[in-house]
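> What follows is a protein structure lacking sequence information:
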């Protein structure tokens with residue numbers, strides 16, 4: 001499966017366009033109407049289900065029970081604590097001291113975790129690096145070469161070797177026996193970004 005998004009596209013920053021004209025305030029009746037529709041649907045299903053098995057339940061009691069359950073569900077969702085910060089992370093808000101807000105759920109943190117977790121795992125198990133991280137780095141190299149030069153390691157190995165350089169080519173083609181240090185990985189990533 002191929003993608004037309006490059007590393008440069010993912011890291012590009014574009015400001016959002018300013019809203020045009022005055023915006024209408026959101027109606028408060030929308031969520032109420034949805035909640036009532038949900039409650040009515042649940043009551044109808046429960047009523048039919050209970051009657052199908054031969055049970056008779058008072059309609060006001062059933063409605064009150066469904067509304068109570070939906071209200072408790074809503075309140076607990078609003079009062080749920082934020083997720084704990086990852087190990088080694090700082091628990092500050094980030095707003096006051098300028099640090100990263102670990103409690104926020106954002107796409108950047110998710111993307112970082114996709115790399116951070118396998119790298120952490122590979123420190124204790126080098127075979128994880130060879131099996132998980134190294135193929136991802138190879139995919140990034142192939143994608144950058146494909147987008148900028150129209151080749152991959154598989155389609156034109158000789159040209160790919162020239163584009164990658166000896167160090168990066170050797171790193172990708174002969175898996176290391178140990179997990180590279182953070183400094184070695186920084187050098188590899190810098191060479192990858194030069195492609």
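Yes, it's here. These numbers come from a predicted model, not from an experiment.

> List the contacts of the helix or strand where residue 76 lies.
Assigned by DSSP states H and E, residue 76 belongs to helix 59-79. For helix 59-79, the external contacting residues (CB atoms under 8 Å, 6 or more residues apart in numbering) are 35, 38-39, 42-43, 46-47, 50. The way it works is simple: take the backbone N, C-alpha and C, and place the C-beta from them, glycine included.

> Mind checking which of those are buried?
In these, burial by neighbour count holds for 39, 42-43, 47, counting by 16 or more other CB atoms under 10 Å.

> Go through those residues and say which is closest to residue 168.
Of all the buried ones among the contacts of helix 59-79, residue 42 has the smallest distance to residue 168: 58.0 Å, by CB to CB.

> Nearest spatial neighbour of that closest one, chain-adjacent residues omitted?
residue 66 (5.0 Å; CB to CB, 6 or more residues apart in numbering).

> Can you give me the pLDDT of that neighbour?
pLDDT recorded at residue 66 is 91.

> what helices or strands is the longest helix along the chain leaning on?
Counting by DSSP state H, the longest helix found in the chain is helix 29-52. When contacts are defined as 3 or more CB pairs under 8 Å, 6 or more residues apart in numbering; DSSP states H and E, helix 29-52 sits against helix 59-79.

> The helix it packs on to helix 29-52, inter-axis angle?
Between helix 59-79 and helix 29-52, the angle comes out at 130 degrees (axes from the mean of the first three to the mean of the last three CA atoms, to 10 degrees).
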